[in-house]
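Asker: I would like the atomic coordinates for the input below:
(2 chains)
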Protein chains: 2
Amino acid sequence: MGDLIDDVIVTPLEIILEDNGSVMHALNNSELVNNNFGEAYFSSVNYRNIKAWKCHLRMTSNIIVPIGEIRFVLLDMHNDSKSGQKFFEIFLSKSNYKRLTIPAGIWFGFQGVSKNLNLLLNIADIPHDPDEVRRKKIDEIKYDWSIK
Amino acid sequence: MGDLIDDVIVTPLEIILEDNGSVMHALNNSELVNNNFGEAYFSSVNYRNIKAWKCHLRMTSNIIVPIGEIRFVLLDMHNDSKSGQKFFEIFLSKSNYKRLTIPAGIWFGFQGVSKNLNLLLNIADIPHDPDEVRRKKIDEIKYDWSIK
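Answerer: Alright, predicted model coming up:
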């Protein structure tokens, strides 16, 4: 999956099994970056489909995948002059139940891996603002998205 | 579904369809009660299973159901001397995609309605604190939970 990129954080989360369901942690206020809650929203991505690439100029994303499986690919631009582009890849799901914190300034994309619903929750530190998002077409950053 | 109980709020939420998935709103900071973010967690409930009853002494819950269908039953205790217990019932799902805000002091329970995964997200205004929750056994508040 490659080395972790600076300031990207992967946090294991707890799942509490109960007789009639389960409780799955996401994020509490002491874990908020800069103590800011901006917005929470869901995003789904269909099987094999890819949502890429975007880069937030100000938003820190805290991403959790409670259903399905989603592949995230992050690109560390700081590193591209020396040794080429440095990617970090991680597959999140209930089986690998972790929170992925992506700071501003990181290009990233994601892909649906399960044939059923693939859903992420993003708890962001600022509310949605289209002016703070940069986008590239998928082919503008080369990556092998094939699913093995 | 009965009349709305005082201070319980039902807010329609937006779903934005995209080619490769969708984006589903949950809550932004301007919609937080008292401007407080406490904790976000998921809770799942199996088909026909019931999680009831509980009452938070301090927590306001903001509940969203992105997958499956969950029946919520809320009890207005303020009203029980005059006309008997007053219940409010609502079924939330992606088809009835709304946020249910339950203030402190309301007894409530919920039930899985879909045979597949029934999942709620709660964005609460305080972090989890077992001391601020009161519980009753399901039979201590009579309600017809049968699914038609």
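
Asker: alpha carbons only for contacts and neighbour counts from here, please
Answerer: Noted.

Asker: my read: A:Gly68 touches A:Lys94, true?
Answerer: Yes - with contacts counted by CA atoms under 8 Å, A:Gly68 reaches A:Lys94, the gap being 7.3 Å.

Asker: quick one: which of those two has more around it?
Answerer: A:Gly68 (22 against 15; other CA atoms under 10 Å in any protein chain shown).

Asker: what's the more buried one in contact with, if anything?
Answerer: Neighbouring residues of A:Gly68 by CA atoms under 8 Å, 6 or more residues apart in numbering or on different chains: A:Ser93, A:Lys94, A:Gly112, A:Val113, A:Ser114, A:Asn116, A:Leu117, A:Asn118, A:Leu119.

Asker: Could you list everything the first one pairs with in the sheet?
Answerer: With beta bridges defined as DSSP bridges, A:Ser93 has these partners: A:Glu69.

Asker: Am I right that it is in contact with A:Pro66?
Answerer: Yes - using CA under 8 Å, A:Ser93 is in contact with A:Pro66, at 6.2 Å.

Asker: out of those two, which sits in the more crowded spot?
Answerer: A:Pro66 (24 against 21).

Asker: next one: the host helix or strand of the more buried one to chain centre, how far?
Answerer: Using DSSP states H and E, A:Pro66 sits in strand A:61-67. Using CA atoms, centre = their mean, to the nearest Å, the mean C-alpha position of strand A:61-67 is found 7 Å from that of the whole chain.

Asker: quick check: angle from that strand to strand B:61-67?
Answerer: Interaxial angle, strand A:61-67 versus strand B:61-67 (axes from the mean of the first three to the mean of the last three CA atoms, to 10 degrees): 60 degrees.

Asker: Show residues contacting strand A:61-67.
Answerer: For strand A:61-67, the external contacting residues (CA under 8 Å, 6+ apart) are A:24, A:26, A:92-94, A:97-104, A:117-125, B:42.

Asker: thinking again about what came up before, looking at the contacts of A:Gly68, which is nearest A:Glu18?
Answerer: A:Lys94 (15.3 Å; CA to CA).

Asker: and that closest one, what does it touch?
Answerer: A:Val65, A:Pro66, A:Ile67, A:Gly68, A:Glu69.

Asker: On the pLDDT front, check it for me.
Answerer: Here the pLDDT value assigned to A:Lys94 is 97.

Asker: List just the nearest of the contacts of A:Lys94 to chain B.
Answerer: Nearest to chain B among the contacts of A:Lys94: A:Pro66, at 7.9 Å, using CA to the nearest CA.

Asker: and the contacts of strand A:61-67, which of them are in strands?
Answerer: Among the contacts of strand A:61-67, the residues falling in strands (DSSP state E) are A:24, A:26, A:92-93, A:98-102, A:119-124, B:42.

Asker: Doesn't A:Asn34 lie inside a helix?
Answerer: Yes - with DSSP: H, G, I helix; E, B strand; the rest coil as the criterion, A:Asn34 is part of a helix.
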